[in-house]
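# take a look and give me a structure for this.
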Amino acid sequence: MLCKNGRWKWILSRGLVTRVAKDGKPQRVIGTHVDITAQKETREREARNLELVAAGAEVNAVIHALIWSLEAEHPDMVCCVKLRSYVENRLELVAAPSLSMGAQRVVGGKLTLEGIGCACMAALSGQRVVIEDLTQIEVLKPYRAQLAAHKLRACWAEPIRGKDGQILGALSGYYREPRVPRTQEISSVVNAAQLIGVALERKRAEEAIKESEERFRAIFEQAAVGVAMIDSKTGKFLMVNQRYCEMMGFTAQEMQSTTFMAITYPDDLRADLDSMARMKRGDIRHFSMEKRLVRADGRLIWVNLSVAAMREPDSTVDRHVAVVEDITSRKQAEEALRESEQMNRALLDHTSALIVVTDAEGRITHINQAVTNQFGYTLADVEFNTPWETGVINKGDTPKSKERFKKLQKGEVNPVREIRLRDKDGNWHLVETRSTFTRRADGTIDRIIITGSDMTERRRLEQEILKISEQEQANIGHNLHDGVGQTLTGIGSLIDSLETTLEGDAKAAAGRIRDLMKQAVSEVRRMSHGLSPVAVQHRGLAGGLQLLAETVRTNFRREAVCEVDSSIVVGDGDREAHLFRIAQEAVNNALRHGRCHMVRLILRRLEGTECVMEVIDDGGGISKSKKSQREGIGLQVMSYRANLIGAELEVQSESRLGTTVTCRFHCAAASPVKSRKQTAPKFSGGKSKKKTSGA
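Numbering: from 1, shown residues only. I've put the predicted structure just below:
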């Protein structure tokens with residue numbers, strides 16, 4: 001109906017006959033007109049919104065249309081939509097056409113960032129949230145002035161859900177006065193939220209399809225392997241990627257004009273066709289094989305072929321996907337590896353070096369012929385056992401051997417070691433061992449390789465040479481002591497007699513000569529002790545260390561502390577001499593190179609028959625710039641002596657923090673004698689100006 005102002009309104013017209021004449025004709029009719037313009041406009045808006053969703057309109061357009069529809073239907077309500085941002089896992093304001101920019105910054109910025117807005121609460125709880133008066137909410141207290149400035153007094157929000165129930169966002173309605181939503185408003189917002197959820201799900205589905213298509217095309221076109229779609233009945237190539245063409249030397253058009261049978265090497269075609277027949281019958285869904293293909297230039301290449309059926313709804317196989325990987329280089333490498341393994345096995349079994357191979361857990365997997373020849377063990381005797389389970393390694397060396405093996409398992413490098421090994425007849429051999437490892441492709445330890453050289457005879461000869469050298473030094477020491485020393489003593493006696501016959505300056509001069517002669521006698525005796533460790537021969541190792549400390553105090557005027565357990569009995573004169581020489585060399589290094597002020601000599605028992613001798617100084621240490629000293633002849637001789645007697649030597653040193661030389665060895669049974677500690681007065685002064693022979 002046309003209104004006076006020119007607008008058209010929708011009217012719902014109803015009529016009712018209230019009076020009828022005798023002839024049956026109506027005499028009075030009552031009619032009503034109801035203005036249904038708002039309802040008609042609402043239905044029209046809903047129809048347009050449904051058309052937008054059904055037509056797959058862009059999501060933002062659908063959301064804005066729904067908000068305009070809601071606000072037109074309910075003029076007192078201002079709406080906005082916030083959606084979940086999966087990148088940052090928070091809500092983001094996407095539509096609020098009737099809110100000012102300032103209001104959008106409040107409700108879509110500050111409240112959303114802090115997670116205290118009405119929409120945030122609804123999205124978090126998954127339930128409808130109604131706030132009748134925003135000024136009464138404590139958490140919104142800091143924003144009351146801003147909300148009031150934009151006339152936002154009440155709010156409620158409805159969650160937007162996907163078809164799986166996942167919360168996608170929230171639709172909020174704001175009022176300018178404190179109140180709660182009416183039933184009609186709730187119904188309208190719920191319907192709008194459902195439509196937004198449908199639109200979002202459609203968008204997600206479309207994006208997933210698009211992404212899947214793009215991913216398939218990217219994989220197909222950019223794959224590092226050849227990919228083709230083939231007609232299963234004719235074998236003709238329907239689609240083929242660039243990599244497949246490059247492998248075969250054909251263009252894409254040439255590949256699509258041929259069949260997989262035509263490019264397969266004749267000797268490999270039967271196995272391929274048999275597998276294809278099984279797949280078409282439904283016996284298998286896919287298969288893999290290695291075969292040869294004939295390139296455009298006639299050259300053969302090896303490929304790894306993987307085939308999967310593409311079944312139609314009626315379960316027939318009309319097409320299949322073939323993936324081929326060029327393994328020509330791998331085949332050549334495998335052949336080269338076989339040849340290399342044969343050569344390595346020949347070298348392994350014909351070398352004189354001892355070689356033992358274990359797995360990562362230490363179980364023996366291979367020994368070479370040299371091990372069998374020198375020790376009598378075959379692989380069957382030791383296979384799948386660890387070296388310490390076979391009884392080959394001396395029990396005393398087992399703990400250290402396990403420690404070294406653990407280092408190898410961690411990828412650490414072990415230094416060269418000499419250990420005692422027992423052959424099948426029970427004889428002991430001194431073997432110099434080296435160990436290394438190989439890694440798998442993922443970096444984990446694959447095998448442990450232990451090589452060794454039998455040093456038994458060499459060490460025996462070296463020990464004999466060293467023994468002869470020690471004897472010669474001892475003879476020189478005896479000659480100094482008994483020859484030169486006695487002669488000087490006699491001269492001293494003559495000077496004493498001469499002094500008694502002189503007077504004045506001559507007598508004083510004779511006295512000075514007498515004192516120098518006595519000093520020379522002392523020097524000769526100390527030199528003889530250094531060349532021939534008589535203290536070790538007559539007092540044992542403990543007495544020798546005490547004499548060494550006294551020599552440091554007397555000759556070098558340095559503080560020397562000697563802490564020895566006199567119950568330790570080495571039980572072998574040669575071993576005692578070697579231990580004494582190690583201590584003597586360590587003290588010499590501390591005095592000459594370290595320029596120390598204090599030396600500590602310690603001899604103590606660790607457990608059972610295991611003992612330790614330590615020489616500790618407070619000198620300059622061995623810095624990185626003095627690597628040559630660390631590898632010098634002195635340290636090498638100490639290590640050599642330790643190896644000769646089956647001891648372990650360790651040198652710890654830091655620049656300007658001193659040096660500690662530790663020698664671990666085994667002694668004989670203990671005797672009931674308590675330990676002693678010898679000290680001497682500390683010297684605060686520097687070095688003695690007089691140079692003397694070393695300890």
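
# adjacent strands (with direction) for the helix or strand Val356 falls within?
Element membership of Val356 [criterion: DSSP states H and E] is strand 354-359. Here strand 354-359 has these sheet partners by DSSP bridges: strand 364-367 (antiparallel), strand 445-454 (antiparallel).

# what sits up against it?
For strand 354-359, the external contacting residues (C-beta atoms under 8 Å, 6 or more residues apart in numbering) are 348, 364-368, 370-371, 374-375, 386-387, 431, 446-454. Using the backbone N, CA and C atoms, a C-beta is placed for each residue, glycine as well.

# got the domain ranges for this protein?
The chain is divided into the following domains under automatic domain parsing: 1-35, 42-207, 223-331, 351-454, 462-532, 536-695.

# how far off centre is the second one?
To tie it back to what came earlier, the one meant is domain 42-207. Computed by C-alpha atoms, centre = their mean, to the nearest Å, the chain-centroid distance of domain 42-207 equals 48 Å.

# ok, back up a step: would you mark the buried spots in the strand holding Val356?
By 16 or more other C-beta atoms under 10 Å, the buried positions in strand 354-359 come out as 354-358.

# export the domains of the chain to TSV and append columns for mean pLDDT.
Listed next are the domains of the chain as TSV, based on pLDDT from 0 to 100:
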stretch	mean pLDDT
domain 1-35	89
domain 42-207	84
domain 223-331	91
domain 351-454	87
domain 462-532	75
domain 536-695	76
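
# would TSV of the ones you listed with distance to Gln342 be doable?
Formatted as TSV, the domains of the chain follow (distance: least, C-beta to C-beta, whole Å):
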stretch	distance to Gln342
domain 1-35	98
domain 42-207	58
domain 223-331	17
domain 351-454	15
domain 462-532	39
domain 536-695	38
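
# mind checking which of those domains is nearest Glu213?
Closest approach to Glu213 among the domains of the chain (C-beta to C-beta): domain 42-207, 10.7 Å.

# list buried residues within the contacts of strand 354-359.
Among the contacts of strand 354-359, those scoring as buried are 348, 364, 366-368, 370-371, 374-375, 386-387, 431, 448, 450-454 (criterion: 16+ other C-beta under 10 Å).

# what residues are up against Gly594?
617, 619-622, 658-659.

# let me know the closest of the residues you listed to Met279.
Nearest to Met279, judged by C-beta to C-beta, of those is Ile622 at 72.6 Å.

# so that closest one, which of the three states?
coil (DSSP: H, G, I helix; E, B strand; the rest coil).

# if I look at it, how far off is Thr660?
Distance of Ile622 to Thr660, computed by C-beta to C-beta, to the nearest Å: 11 Å.

# so what sits against both of these two?
Going by C-beta under 8 Å, 6+ apart, residues that sit against Ile622 and also against Thr660 are 651, 653.

# quick one: Lys424 from Thr390, how far?
Look at Lys424 and Thr390: by C-beta to C-beta, they are 10 Å apart.

# quick one: which of the two has more around it?
Neighbour tally, Lys424 and Thr390, criterion other C-beta atoms under 10 Å: the higher count belongs to Thr390, 15 against 12.

# now do the SS call for that one.
Under the three-state scheme (three-state DSSP), Thr390 adopts coil.

# contact partners for it?
364, 377, 381-382.

# most neighbours among those residues, which one is it?
Ile364 (24 neighbours).

# ok, that one - contacts?
356-358, 379, 382-387, 390.

# of the residues you listed, closest to Thr112?
Distance to Thr112, by C-beta to C-beta, is smallest for Thr358 among these, at 62.9 Å.

# is that closest one bridged to anything, and to what?
With DSSP bridges applied, Thr358 shows beta-bridge pairing to Ile364, Ile448.

# helix or strand right after the host helix or strand of Ser653?
According to DSSP H and E, Ser653 maps onto strand 648-654. Next helix or strand after strand 648-654 toward the C-terminus (DSSP H and E): strand 658-666.

# looking at strand pairing, list the partners for the residue nearest to Gly109 when sequence neighbours are not counted.
Spatial nearest neighbour of Gly109, excluding adjacent residues (C-beta to C-beta, 6 or more residues apart in numbering): Leu93 at 7.6 Å. Note on Leu93: beta-bridge partners by DSSP bridges are Lys82.

# before we move on, back to that, with neighbour count and distance to Ala308 as extra columns, can I get the contacts of Gly594 in a markdown table?
Shown next, in a markdown table, are the contacts of Gly594 (neighbours: other C-beta atoms under 10 Å; distance: C-beta to C-beta, whole Å):
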| residue | neighbour count | distance to Ala308 |
| --- | --- | --- |
| Asp617 | 24 | 75 |
| Gly619 | 22 | 75 |
| Gly620 | 19 | 73 |
| Gly621 | 21 | 69 |
| Ile622 | 24 | 67 |
| Gly658 | 22 | 71 |
| Thr659 | 23 | 70 |
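
# find the pair from those with maximum spatial separation.
Asp617 and Ile622 (11.1 Å).

# intersection of neighbour lists for the two?
Both Asp617 and Ile622 are contacted by 594, 659, under the criterion C-beta under 8 Å, 6+ apart.

# sorry, back to before: hey, what's in contact with both of Lys424 and Thr390?
Common neighbours of Lys424 and Thr390, counting by C-beta under 8 Å, 6+ apart, are 377, 381.
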